[in-house]
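Peer 1: Show me the folded form of this:
(one chain, ligands or ions: 2)
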Amino acid sequence: MSLKVYNTMTRSKETFVPLTPGKVNMYVCGPTVYDYIHIGNARPAIFFDIVRRYLEMSGYEVQYVVNFTDVDDKLIRKAEQSGETVPQIAEKFIAAYHEDIEALGIRKADRNPRVTENIDEIVSFIEALVDKGFAYASGGDVYFRTEKFEEYGKLSHQNLSELQFGIRVEVGERKENPQDFVLWKGAKPGEIHWPSPWGEGRPGWHIECSAMARKYLGETLDIHGGGHDLQFPHHECEIAQSECMTGQPLAHYWMHNGYIHINNEKMSKSLGNGITVHQLVQQVKPQTLRFFFLSTHYRNPLNFSEEGLEQAGGGLDRIENGVANLRHRITVAPQGEIDGRVYEAVRRIKGQFREKMDDDFNTPDALTAVFDLISESNTYLKTADANADTLRLLLDTLEEWNNVLGILSEPAEELLDEEVERLIVERTEARKSKNWARADEIRDLLTEKGIQLEDTPQGLRWRRK
Ligand SMILES: Nc1ncnc2c1ncn2[C@@H]1O[C@H](COP(=O)(O)OP(=O)(O)OP(=O)(O)O)[C@@H](O)[C@H]1O
Ligand SMILES: [Zn+2]
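Peer 2: Ligands and ions are numbered 1, 2, ... in the order given. I've put the predicted structure just below:
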């Protein structure tokens, strides 16, 4: 079976064929860095990270770019309110973003280009569009002439007249047509700005991605992704700019994740109903959030709730217990021939996992495969003569899948016998010198690592729980 990807452009699942055999380039629109990310924003971050990992597991070499929008109206407003500068705000929330994605077990993209580091590329991109007649300067701004691009609306399946409907040109507006969109915004007094042939100003949102995708990944991307809300206008505008510039399709596959809702409305910074990743990871294991997300197909909306998270936690516990039992038993079981029945089950369930992931990243069904393997593993663990080689096959399979899904916590590091002995000696000495704090600290550490101390007539003994 080969990978099938749902392409928003054609509204159908298509067989994935990369532009260059064995390689995939992927661009996902990143955050506007004026605030902490909420768990709605975390959905594309987690999902596209899984796409990247699964492509790698399937043998592709992936180039993954996620941009930062580090200048725009929201950043400017935030800077005005807080008395900081736009670069200070951006720096703060880029750092917070990196912390958050790391906490969520998301790998860093190969590149995180920033708008402010790519102003030259953006300006020359706009200049080229003006030269070709696709854009026009007007009162210090530059706009894209949507009428010149016949296919405008093709991603969101709307036509120009539909788009025009209901939009009025306001008095004083500088556009030729209401649906034209801005490429360059002239700076208002006091606003952050860069020089350009049209005067001091800054880029519009859409042009950034066109310019950065082209610079870092080339004219045509294999995959372009983002949340559902980006289809229109953002991605539609990216297509118009890039395709008028190069004459090539901007991307072969357009992928969009569904919304995270809360109380049945979209979680959103602007609505003020967001739960930040910063907050959530204080209360819940990040793996639980990942499991919760993966239990629903990425294109479907998902309502965030405490109960939903709790349920996810329960499911995850079953998997983690199974894996912990495997990890423990492997250290004590003897070597042996791989059990034929287990071998066959692993082969079958591995096939299921791939089939489901190949079917437009059907993670809920892939999780069913994980549960099936855990059941096989639990059954085998009950046999008295379970051997280490069979257990290793089970564990390796689960770990291989986990490299894609990222739902297992790191195995707790066990203390070696010598370390336990050394800590006990140190604790005895600490007590003798009345350093109670250190003595308690060591006792807590030992308890946490599952070491039980017992006073016996023969002296202090220890054992693992
Ligand atoms: N509730 C949500 N569920 C899923 N994805 C979302 C949600 N809200 C935003 N996204 C996605 O998160 C990514 C980051 O977007 P961005 O920083 O522009 O957020 P945003 O749209 O400004 O958020 P907000 O709507 O909260 O202001 C985008 O791909 C966007 O589509
Ligand atoms: Zn974009």
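Peer 1: where does the residue of the chain found nearest ligand 1 fall, phi/psi-wise?
Peer 2: Taking C-beta to the nearest ligand atom, ligand 1 has its nearest neighbour within the chain at Gly227, 1.9 Å off. To be clear about C-beta, it is placed using only N, CA and C from the backbone, and glycine gets the same treatment. Here is the backbone geometry of Gly227 (degrees, to the nearest 10): phi -70, psi 160.
Peer 1: same deal with Leu280?
Peer 2: The phi/psi pair for Leu280 (degrees, to the nearest 10) is phi -60, psi -40.
Peer 1: what does Asp359 give?
Peer 2: phi -90, psi 70.
Peer 1: do the same with Glu150
Peer 2: According to degrees, to the nearest 10, Glu150 has phi -60, psi -30.
Peer 1: Who are the contact partners of it?
Peer 2: Counting by C-beta atoms under 8 Å, 6 or more residues apart in numbering, Glu150 makes contact with nothing.
Peer 1: I'd like the distance between it and Trp194.
Peer 2: Going from Glu150 to Trp194 by C-beta to C-beta, to the nearest Å gives 32 Å.
Peer 1: Over to Gln282?
Peer 2: Relative to Trp194, and taking C-beta to C-beta, Gln282 is found at 39 Å.
Peer 1: Could you check which of the two has the larger neighbour count?
Peer 2: Trp194 (16 against 9; other C-beta atoms under 10 Å).
Peer 1: which non-adjacent residue is nearest the more buried one?
Peer 2: Ile119 (4.8 Å; C-beta to C-beta, 6 or more residues apart in numbering).
Peer 1: I'd assumed Pro203 was in contact with the one you found.
Peer 2: Yes. Contact criterion C-beta atoms under 8 Å: Ile119 and Pro203 qualify, at 7.0 Å.
Peer 1: more crowded one of these two?
Peer 2: Pro203 (27 against 18).
Peer 1: who touches the more buried one in this structure?
Peer 2: Val71, Val115, Ile119, Ile122, Ile126, Leu183, Trp184, Lys185, Ala211.
Peer 1: The helix or strand harbouring Ala128 close to ligand 2?
Peer 2: Assigned by DSSP states H and E, Ala128 belongs to helix 119-131. No. For helix 119-131, no contact with ligand 2 is found by C-beta under 5 Å from the ion; the gap never falls below 12.6 Å.
Peer 1: Low-confidence stretches in this structure?
Peer 2: Along the chain, segments meeting pLDDT under 70 span 1, 163-172.
Peer 1: what does it put close to ligand 2?
Peer 2: Close to ligand 2, as judged by C-beta under 5 Å from the ion, the chain has residues Cys29, Cys209.
Peer 1: returning to what we had before: which elements pack onto the helix holding Ala128?
Peer 2: Contacts defined by 3 or more C-beta pairs under 8 Å, 6 or more residues apart in numbering; DSSP states H and E place helix 119-131 against strand 135-138, strand 141-144, strand 181-186, strand 201-203, helix 205-217, helix 236-246.
Peer 1: Please point out which parts of that helix sit buried.
Peer 2: Ile119, Glu121, Ile122, Val123, Phe125, Ile126, Glu127, Leu129, Val130 (16 or more other C-beta atoms under 10 Å).
Peer 1: following the longest helix along the chain, which helix or strand comes up?
Peer 2: Counting residues, the longest helix found in the chain (DSSP state H) is helix 306-332. Moving toward the C-terminus from helix 306-332, the next helix or strand (DSSP H and E) is helix 340-358.
Peer 1: Quick check: of the contacts of Pro203, which lies closest to Leu316?
Peer 2: Proximity of these to Leu316, judged by C-beta to C-beta, is greatest for Val115, which lies at 37.7 Å.
Peer 1: How much space separates the closest one from Pro31?
Peer 2: Taking C-beta to C-beta, one finds Val115 at 12 Å from Pro31.
Peer 1: Which neighbours do the two have in common?
Peer 2: Shared contacts of Val115 and Pro31, counting by C-beta under 8 Å, 6+ apart, come down to Phe68, Thr69.
Peer 1: which residues touch stretch 335-348?
Peer 2: Leu373, Glu376, Tyr380, Asp385, Asn387, Ala388, Asp389, Thr390, Leu393, Leu394, Thr397.
Peer 1: Arrange those residues in JSON lines, one row each, with distance to Asp417 and neighbour count as further columns.
Peer 2: Formatted as JSON lines, the contacts of stretch 335-348 follow (distance: C-beta to C-beta, whole Å; neighbours: other C-beta atoms under 10 Å):
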{"residue": "Leu373", "distance to Asp417": "32", "neighbour count": "24"}
{"residue": "Glu376", "distance to Asp417": "33", "neighbour count": "20"}
{"residue": "Tyr380", "distance to Asp417": "29", "neighbour count": "20"}
{"residue": "Asp385", "distance to Asp417": "27", "neighbour count": "9"}
{"residue": "Asn387", "distance to Asp417": "25", "neighbour count": "19"}
{"residue": "Ala388", "distance to Asp417": "20", "neighbour count": "16"}
{"residue": "Asp389", "distance to Asp417": "26", "neighbour count": "15"}
{"residue": "Thr390", "distance to Asp417": "27", "neighbour count": "25"}
{"residue": "Leu393", "distance to Asp417": "29", "neighbour count": "18"}
{"residue": "Leu394", "distance to Asp417": "27", "neighbour count": "26"}
{"residue": "Thr397", "distance to Asp417": "31", "neighbour count": "20"}
